[in-house]
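Undergrad: Here is my input, please return the structure:
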Amino acid sequence: MKVIPAAAREKTSARFVAIYALAYAALWLALLTPAIITLALRVRQLVPGNAAEPISRVLMAGAIVALVSNPIFGALSDSTRSRFGRRRPWLVGGVLCGCASLAVIGLAPTVDRVLFGWCAAQLSFNAVLAAMVAIIPDRIPPAQRGTVVGILGVCMPVGQITGTFLVQQLAINMTLALVVPGIIGVVGVLGLAFVLRREPIAVALLGQPAAVELPGDRAAPTGPRGHRDFSWTWLSRVFFTTGSCFLQAYQPFFLLDALHFSAADVPRLIFRSTLVQAAMVVIWSLISGRLSDRTGLRKPFVMAGSTIQGLGLWLIACSHSYGMLLFGVGLVGMGHGVYEGVDLALVTDVLPDRARHAAKDLGLLNIANTLPQVIAPLAAPAILQASRGDYTLLFAVAGAVAIVGSLFLLPLKNVR
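TA: Residues are numbered from 1 along each chain as shown. Model prediction:
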């Protein structure tokens, strides 16, 4: 029988979706701002001469913590039985500890203390992320999921741009540059926790009926087929995200070594390309999510997004000017928006048991977001060595990886 949690049978209000989106954007602002800029600046303060090696060590340690912690916190959230519900304790506790961890980084006297603080921040914010993403199958009915996921797809680039802007204003005080995004994260997540309705105490785990069949529910996979569909979706996201990671990590070096810009020009050029990519993500995430709900289709949008991103990366590989690079980045942003606007809705449609283990399975999905952050830095040096430093091969491989990721969705049986 097709089932969804009883709480997700009712149409979700625009007010709740708005608060949910703001909290999601605030969380990404708190988590991504250090990863993109303030951690590197803080480490450079502590080790002025050679910051490349210690910042790599800090980021790698944080990525490993994120890789392990998200599914664990997802499982803990699913099994939580408290008078505050399953998700709220992890939302509140995680975001407060995450903000405190950013303060530790800001006041750290050594790189080792920074590493500790960043690992604690990743641990805490991933507890929030695991609970927050599980709200989609908990509270959002199938007919609204594409639209809501499309809105959520806007939140990450909004968080990136806002965080970059804040750091420019607060750069004279690195502790504030770290803590202020954390405080914004606290405000956003606490606002969501305040309006989130308390669930019955894990009624599905107690063996009581917690779900019913809905005509609009396109898929509720169970058994081996459900796990198989989820596995294909997970693998597809690993490949898609790996392609993205190559661009995020190596675009500065492409500008320096392939297009021969000066180091002083790179921050301005990166900020401009980030704006172009973010704008495309916002536009196409909203469009694809809405169209997915109207047509009842998920697979074609997600496959198209991954393919378009791959084509954008191939265009970057062939770039001989900044204008051509910018066009490729825009195409990558378009693909990313189409993909992110629908993929999470597709994932919730193929969860093996979304009534009881939604957060755990979505935590496993987050490994597909984190694992590429380890894969790309390990693979890129080998590719560059094989090509004798030619970044054309690096981005050609990145594009191929993204396109191959789209093919892993072809075997899905339980979702259109």
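Undergrad: Point to the helix or strand of this structure where mean pLDDT is at its lowest.
TA: strand 211-212 (a mean of 40; mean pLDDT, DSSP states H and E).
Undergrad: Go through the next helix or strand after that strand and flag the buried ones.
TA: Scanning forward in sequence from strand 211-212 by DSSP states H and E, the next helix or strand is helix 223-253. If you call a residue buried by 16 or more other C-beta atoms under 10 Å, then helix 223-253 has these buried ones: 226-230, 232-234, 236-248, 250-251. For the C-beta atoms, the positions are set from N, CA and C on the backbone; glycine is no exception.
Undergrad: Show residues contacting stretch 297-309.
TA: Applying C-beta atoms under 8 Å, 6 or more residues apart in numbering, the contact partners of stretch 297-309 are 146, 218, 236, 239-240, 243-244, 284, 288, 291-292, 331-332, 334-343, 345-346, 349, 399, 402-403, 405-407, 409-410, 412, 415-416.
Undergrad: Run the chain-centre distance for that stretch.
TA: Relative to the mean C-alpha coordinate of its chain, stretch 297-309 is positioned 17 Å out (C-alpha atoms, centre = their mean, to the nearest Å).
Undergrad: Where does pLDDT dip in the stretch 51-200 of the chain?
TA: For the stretch 51-200 of the chain, the stretches with pLDDT under 70 are 51-52, 198-200.
Undergrad: Now list the buried members of the contacts of stretch 297-309.
TA: Buried residues within the contacts of stretch 297-309, defined by neighbour count using 16+ other C-beta under 10 Å: 146, 218, 236, 239-240, 243-244, 284, 288, 291-292, 331-332, 334-343, 345-346, 349, 399, 402-403, 405-406, 409, 412, 415.
Undergrad: Mind checking which of these land in helices?
TA: 146, 236, 239-240, 243-244, 284, 288, 291-292, 331-332, 334-340, 343, 345-346, 349, 399, 402-403, 405-406 (DSSP state H).
Undergrad: wait, L91 sits on L129?
TA: No - applying C-beta atoms under 8 Å as the test, L91 and L129 come out as separate, 9.8 Å apart.
Undergrad: How about Q144: what's its closest non-neighbour residue?
TA: Nearest in space to Q144, with sequence neighbours left out and distances taken as C-beta to C-beta, 6 or more residues apart in numbering, is T12 at 5.7 Å.
Undergrad: tell me the SS of that neighbour?
TA: Each residue gets one of three states, and T12 gets coil by DSSP: H, G, I helix; E, B strand; the rest coil.
Undergrad: What distance do you get for it to W314?
TA: The spacing between T12 and W314, counted by C-beta to C-beta, to the nearest Å, is 39 Å.
Undergrad: Likewise for L22?
TA: Distance from L22 to W314, by C-beta to C-beta: 36 Å.
Undergrad: same question, G106
TA: Distance of G106 to W314, given as C-beta to C-beta: 41 Å.
Undergrad: same deal with I283?
TA: As defined by C-beta to C-beta, I283 lies at a distance of 22 Å from W314.
Undergrad: how is the chain carved up into domains?
TA: Annotated domains of the chain cover 13-201, 223-407 [automatic domain parsing].
Undergrad: Any idea how many residues pack against V133?
TA: 25 (other C-beta atoms under 10 Å).
Undergrad: Contacts only, for it.
TA: So V133 contacts L344, A359, L362, L365, N366 (C-beta under 8 Å, 6+ apart).
Undergrad: out of those residues, which are inside helices?
TA: Among these, the members found in helices (DSSP H) are L344, A359, L362, L365, N366.
Undergrad: Nearest to C99 among these?
TA: Nearest to C99, judged by C-beta to C-beta, of these is N366 at 20.4 Å.
Undergrad: so how far is stretch 302-317 off the chain centroid?
TA: Computed by C-alpha atoms, centre = their mean, the chain-centroid distance of stretch 302-317 equals 18 Å.
Undergrad: what's around A108, how many residues?
TA: Neighbours of A108 (other C-beta under 10 Å): 21.
Undergrad: Repeat that for I367.
TA: Using other C-beta under 10 Å: I367 sits among 17 other residues.
Undergrad: in the helix or strand harbouring A18, what counts as buried?
TA: Using DSSP H and E, A18 sits in helix 14-33. Of all the residues in helix 14-33, those buried under the rule 16+ other C-beta under 10 Å are 16-17, 19-33.
Undergrad: Spit out the contact partners of L31.
TA: Taking C-beta under 8 Å, 6+ apart, we find L31 in contact with G98, A121, Q122, F125, L129, G159, G185.
Undergrad: and with 10 Å instead?
TA: Residues near L31 by C-beta atoms under 10 Å, 6 or more residues apart in numbering: 62, 66, 98, 102, 121-122, 124-126, 128-129, 156, 159, 163, 181-182, 185.
Undergrad: Need the phi and psi values for T162.
TA: phi -60, psi -40 (degrees, to the nearest 10).
Undergrad: nope, R86 is what I was after
TA: phi -80, psi -40.
Undergrad: Report how many residues lie close to the residue nearest to it when sequence neighbours are not counted.
TA: Counting by C-beta to C-beta, 6+ apart, T80 is the residue found nearest to R86 once chain neighbours are left out, at 4.7 Å. By the criterion of other C-beta under 10 Å, T80 has 20 neighbours.
Undergrad: related to what we said a few turns ago, buried subset of the contacts of L31, written for ChimeraX?
TA: The buried residues among the contacts of L31 can be selected in ChimeraX (16+ other C-beta under 10 Å) with this line:
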select :62,66,98,102,121,122,124,125,126,128,129,156,159,163,181,182,185
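Undergrad: residues in contact with the residue nearest the centre of the chain?
TA: What sits nearest the mean C-alpha location of the chain, by C-alpha atoms, centre = their mean, is N369, with 6.2 Å. Going by C-beta under 10 Å, 6+ apart, N369 touches A66, L67, N70, L129, R237, V238, F240, T241, S244, C245.
Undergrad: from what I can see the first one touches G98, true?
TA: No - in this structure, A66 is not within contact of G98 by C-beta atoms under 10 Å, at 11.9 Å.
Undergrad: and for the two, which residues touch both?
TA: With C-beta under 10 Å, 6+ apart, A66 and G98 have common neighbours L31, A121, Q122, L123, F125, N126, L129.
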